[in-house]
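1. Pasting the sequence and the predicted model now:
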Amino acid sequence: MAFSLYALIWFIPISIAFVESFFGLALLAFWIKRLFQISLTLKNSSQGRGLTLSHRIQLFISLFVPVESVLNRPIAVFILAGFLSIFVSEYKALSIQGFFFKLLEWTFLYFIFIEAINHKRRLKIFIGVFFLSALLICINGLIQQITGREFIWGSEMGLGRVSSSFRHPNDFGGYLVVVLPLLFSFLYVYRKGRRVQGRFEQEVSSQEDRTWQFFRWAAWGLFLLAALCMGFTYSRGAWLAFFLGLVFLGLQKPKYILFPLGFVIIFTAIFSSGLEEKRRLGLFTDQLSPRMEDLNMQAQKAMAEARNPQSQRLTKEAAAEPTKERSATPGSAPEPSSSEKSNFKKFFLSFVKKYSGSGRSLYWRDSFSLIRNSPWLGIGINTYSQVSMEKKLAWGGYPHNCYLQLTAEMGLMGLISFIWIMGTLFRFALRRSRQIRDPFLYTVLWGGMAGLLSFLAQSSVDTNFYSVQLGNLMWLALGMIVSSIQIYDRSQNQK
């Protein structure tokens, strides 16, 4: 299982097919291990003759019971919400496919991880492979920025934004928001010699000290390279999520908060001009060029006419009707003039365009309409794209907000159970972080939390949950956080 997870984290940014293949291999190893354990139990019980029927049933059930963790109960409710949504779905084949090949794959990946990565050495190998894979992908992204083409798949850079081996720059940003905080945690926590940020006192040999110093310099190089690639994605959602992760890490030691804040300021100063040049956008506002504004208005007009075919006829009739002066009633307040109404409408439309998140506000409005129609169980897992195209919504695909899509597909039950998973995880991890005295596990714990928080933040403006690569990465991050705590507890119990 562990080997399959090492291969999976290596191929996550490279190939969807390999991600699916190595997940299948890890799942196969999981079942083989469980069957071997049951057969060993039967053999130790006099070839099974010493077991009652109830014991045999318990053994069979244990084949499917995952390893115990703090997230088992909320994940079970999350799975139940997805299962129930199948029954209200209009496209049951799509929902069954999404339940087994998306939702169950995500959750099983988490349970496989915490069962397989159960030693500190295995966690170190996993982190090492993760960083080496990130190094390859960032070099690939930098070459794409310089030459216009990346070397893994030969994809050209589109619209001046780096995507590396991913399909879209936003996906590359979603990968980097997990990598960068984890790297930063090693730079932020570890200090030279035996003293680690004033929290740990650990005797280390000179050889170990030299090894960690080499690792820190290598981590600095990879961090700066990944930060460059993050800038060249010009993905605002990824940038802001990355900033949030750095500030979160800074809060665990407030006296060092200027370090991450300073980096945020320098990063923004370097890349903000490129964002305006490449995308005609500000960091928080949609400052579109005149040509793009015209195209945006034409697209909105076409959508409005497609939804209401009579709108064009009514508009022409209204335009052809002669204007009539309205006599004001003595003592009554004068009605707003047409120019005043026009000015207010222009102000409102300019405000919406300025803060619409590149049109996302329109997609979000449509997703709310789907949620209102079926608030508790949703429209069915894995059916948002099909339903949105059938209803001719503004964007026949994804609403670019994972939480709205999750609520639309699995209802409020699905959203609440997902929030329960994340709330339980962060509350448990923050509480236990005060007790962990191992510097490596402590660093992985905080880096994993910061990376996951950044990922969840970017998911509010993008499609991270529903990407095969990024969705698996999120559940691996959950496993990494929980495993770091369980490995520490196991080491303490062995003393």
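-> Arrived safely.
2. Which parts of the stretch 101-250 of the chain are helices?
-> Using DSSP state H, counting those that start in this stretch, the helices of the stretch 101-250 of the chain run over 104-116, 120-147, 169-189, 206-233, 236-251.
3. Of those, which is nearest residue 410?
-> helix 104-116 (12.8 Å; CB to CB). Quick note: C-beta positions are derived from backbone N, CA and C, even for glycine.
4. Which strands and helices lie in contact with that closest one?
-> For helix 104-116, the elements it packs on are helix 2-11, helix 16-44, helix 72-88, helix 468-493, judged by 3 or more CB pairs under 8 Å, 6 or more residues apart in numbering; DSSP states H and E.
5. could you redo the last one with a cut-off of 10 Å?
-> helix 2-11, helix 16-44, helix 72-88, helix 120-147, helix 468-493 (3 or more CB pairs under 10 Å, 6 or more residues apart in numbering; DSSP states H and E).
6. Name the residues of the shortest one that are buried.
-> The one in question is helix 2-11. 2, 4, 5, 6, 7, 8, 9, 10, 11 (16 or more other CB atoms under 10 Å).
7. Just give me the longest helix of the chain.
-> In the chain, with assignment by DSSP state H, the single longest helix is helix 402-433.
8. Number of residues surrounding residue 171?
-> 23 (other CB atoms under 10 Å).
9. what sits against it?
-> Residues near residue 171 by CB atoms under 10 Å, 6 or more residues apart in numbering: 13, 163-165, 233, 235, 238, 462-464, 467, 469-470.
10. mind running it again at 8 Å?
-> 163, 467, 469, 470 (CB atoms under 8 Å, 6 or more residues apart in numbering).
11. Could you do residue 250 as well?
-> Residue 250 neighbours (CB under 8 Å, 6+ apart): 188, 256, 257, 259, 260, 261.
12. And it, how far from residue 448?
-> To residue 448, residue 250 is 16 Å away according to CB to CB, to the nearest Å.
13. Residue 7 too?
-> Residue 7 is 20 Å from residue 448, by CB to CB.
14. Output the below-cut-off pLDDT ranges for the chain.
-> 45-51, 189-210, 212, 287-359, 394-396, 495 (pLDDT under 70).
15. Which secondary structure elements does the longest helix of the chain sit against?
-> The helices and strands touching helix 402-433, judged by 3+ CB pairs under 8 Å, 6+ apart, are helix 72-88, helix 360-373, helix 384-390, helix 439-458, helix 468-493.
16. Torsion angles phi and psi at residue 118?
-> Torsion angles at residue 118 (phi, psi; degrees, to the nearest 10) stand at phi -110, psi 10.
17. still on that earlier bit, could you dump the helices and strands packed on helix 104-116 to CSV with distance to residue 424?
-> What follows is the helices and strands packed on helix 104-116, written out as CSV (distance: least, CB to CB, whole Å):
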stretch, distance to residue 424
helix 2-11, 23
helix 16-44, 23
helix 72-88, 6
helix 120-147, 21
helix 468-493, 10
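18. Any idea which of those gets closest to residue 176?
-> Counting by CB to CB, residue 176 lies closest to helix 120-147 out of these; the figure is 8.0 Å.
19. If you count contacts, what does the closest one end up packed against?
-> helix 2-11, helix 169-189, helix 206-233, helix 439-458, helix 468-493.
20. and the third one, which residues are buried?
-> Applying a neighbour-count criterion of 16+ other CB under 10 Å, the buried positions in helix 206-233 are 212, 219, 222-223, 225-233.
21. Residue 474: neighbour count?
-> Neighbours of residue 474 (other CB under 10 Å): 23.
22. What sits closest to it if chain neighbours are left out?
-> residue 455 (5.7 Å; CB to CB, 6 or more residues apart in numbering).
23. Just list the residues touching the one you found, thanks.
-> The contact partners of residue 455, by CB under 8 Å, 6+ apart, come to 174, 177, 178, 241, 464, 470, 473, 474, 477.
24. if you set the cut-off to 6 Å instead, what comes out?
-> 177, 178, 474 (CB atoms under 6 Å, 6 or more residues apart in numbering).
25. Quick check: the gap between it and residue 268.
-> Separation of residue 455 from residue 268 (CB to CB): 20 Å.
26. now residue 483
-> 34 Å.
27. Could you check which of those two has the larger neighbour count?
-> Under the criterion of other CB under 10 Å, the comparison of residue 483 against residue 268 puts residue 483 first, with 28 against 14.
28. so that one touches residue 115, yeah?
-> No - using CB atoms under 6 Å, residue 483 is not in contact with residue 115, being 9.2 Å away.
29. follow-up on the earlier one: nearest to residue 69, out of the helices and strands packed on helix 120-147?
-> Nearest of these to residue 69, taken as CB to CB: helix 468-493 at 5.4 Å.
30. and that closest one, what does it pack onto?
-> For helix 468-493, the elements it packs on are helix 104-116, helix 169-189, helix 439-458, judged by 3 or more CB pairs under 6 Å, 6 or more residues apart in numbering; DSSP states H and E.
31. can you do 10 Å?
-> Packed against helix 468-493 by the contact rule (3+ CB pairs under 10 Å, 6+ apart) you find helix 2-11, helix 16-44, helix 104-116, helix 120-147, helix 169-189, helix 402-433, helix 439-458.
32. where's residue 469 relative to residue 60, distance?
-> For residue 469 relative to residue 60 (CB to CB), the value is 35 Å.
33. the more surrounded of the two?
-> residue 469 (20 against 10).
34. from what I can see the more buried one touches residue 133, true?
-> No - look at residue 469 against residue 133 with CB atoms under 10 Å: they stay out of range, at 11.6 Å.
35. what touches both of the two?
-> 11, 12, 13, 14, 175.
36. Give me the neighbour count for the second one.
-> This points to residue 12. By other CB under 10 Å, 24 other residues sit near residue 12.
37. check contacts around the closest residue to residue 415 other than its chain neighbours.
-> Excluding the flanking residues, the one nearest residue 415 by CB to CB, 6+ apart is residue 407, at 4.4 Å. By CB under 10 Å, 6+ apart, the contact set of residue 407 is 367-368, 370-371, 374-375, 378, 399, 401, 413-416, 418.
38. Ok, residue 104 next?
-> 27, 79, 82, 83, 98.
39. among these, who's most crowded?
-> Neighbour tally across the contacts of residue 104 (other CB under 10 Å): the maximum, 30 neighbours, falls on residue 82.
40. Touching, that one and residue 378? I think so.
-> Yes - counting by CB under 10 Å, residue 378 is a contact partner of residue 82 at 9.2 Å.
41. okay, and the common contacts of these two?
-> Common neighbours of residue 82 and residue 378 (CB under 10 Å, 6+ apart) are 95, 406, 409, 410, 411, 413, 414.
42. Going by distance to residue 89, which of the contacts of residue 407 wins?
-> Using CB to CB as the measure, the one of those that approaches residue 89 most closely is residue 378, at 8.3 Å.
43. With adjacent residues omitted, what lies nearest to the closest one?
-> Residue 378 sits nearest to residue 411 (CB to CB, 6+ apart), 3.8 Å away.
44. Thought residue 371 was touching the one you found, still the case?
-> Yes - counting by CB under 10 Å, residue 371 is a contact partner of residue 411 at 8.1 Å.
45. Now for these two: what residues contact both?
-> Common contacts of residue 411 and residue 371 (CB under 10 Å, 6+ apart): 378, 379.
46. Show me which of the two is the more surrounded one.
-> residue 411 (25 against 19).
47. could you measure that one against residue 418, distance?
-> On the measure of CB to CB, residue 411 and residue 418 end up 11 Å apart.
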